[in-house]
Each structure stands twice: as C-alpha cells, then as structure tokens.
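Colleague: Sequence plus the predicted model coming up.
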Amino acid sequence: MYLLLAQITQDDLQREALRLQHDYQFLTYGLIAAWVILAVYVMTMIGRQKKLKREIESLRVMVDEK
C-alpha cells in the first residue's frame with residue numbers, strides 16, 4: 001500500500017483532479033437537463049389538465065342545456 005502511495009506524483013494528482021472536475025461537469029449538465037425535461041413535462045401536464053377542465057365544463061353546459 002505504501003509502495004503505491006510513494007509512486008504517486010503531483011502530476012498524477014493534478015490529472016486525477018482534472019478528470020474528476022470534468023466528470024462532475026458532465027454530471028451537472030445531466031442534472032440540469034433532467035430538471036429542464038421534468039419542468040417541461042410538468043408544464044405540459046398542467047396545460048393538458050386545464051384544457052380537460054375547460055372541455056369537461058363545456059360538456060356539462062351542453063348536457064344541462066338538453
């Protein structure tokens with residue numbers, strides 16, 4: 001174990017830090033994309049719900065008129 005730690009250089013640590021930073025950047029982009037997709041989906045569902053409520057109300061009016 002100590003032999004492996006002795007072989008690690010400063011360059012190795014810097015490369016690993018850059019790799020992790022790069023990975024976290026992609027993770028951040030993925031999470032942002034997921035939230036945007038979720039928000040668009042929720043807004044679409046809200047729009048459909050409002051449309052259905054209007055349609056149900058118009059059908060109620062039609063039934064009451066007959």
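Modeller: Structure received.
Colleague: Could you identify the longest helix within the protein?
Modeller: Longest helix in the chain by number of residues (criterion: DSSP state H): helix 10-65.
Colleague: and that helix, average pLDDT?
Modeller: Computed over helix 10-65, the mean pLDDT rounds to 94.
Colleague: Please name the residues that touch residue 32.
Modeller: Contact criterion CB atoms under 8 Å, 6 or more residues apart in numbering gives no residues in contact with residue 32. Using the backbone N, CA and C atoms, a C-beta is placed for each residue, glycine as well.
Colleague: any idea how far it is from residue 61?
Modeller: In this view, residue 32 and residue 61 are 44 Å apart by CB to CB, to the nearest Å.
Colleague: go on, residue 16?
Modeller: Distance, residue 16 to residue 61, using CB to CB: 68 Å.
Colleague: and residue 8, what are its phi and psi?
Modeller: Backbone torsions of residue 8, given as degrees, to the nearest 10, read phi -80, psi 130.
Colleague: should've said residue 9
Modeller: The phi/psi pair for residue 9 (degrees, to the nearest 10) reads phi -100, psi 170.
Colleague: any idea how far it is from residue 20?
Modeller: To residue 20, residue 9 is 17 Å away according to CB to CB.
Colleague: same question, residue 38
Modeller: Using CB to CB, residue 38 is found at 26 Å from residue 20.
Colleague: Same check on residue 50?
Modeller: 45 Å.
Colleague: Repeat that for residue 51.
Modeller: Separation of residue 51 from residue 20 (CB to CB) stands at 47 Å.
Colleague: so what's residue 49 up against?
Modeller: Contacts for residue 49 were tallied using CB under 8 Å, 6+ apart; there are none.
Colleague: mind checking how far it is from residue 26?
Modeller: 35 Å.
Colleague: same deal with residue 12?
Modeller: Counting by CB to CB - residue 12 and residue 26 are separated by 22 Å.
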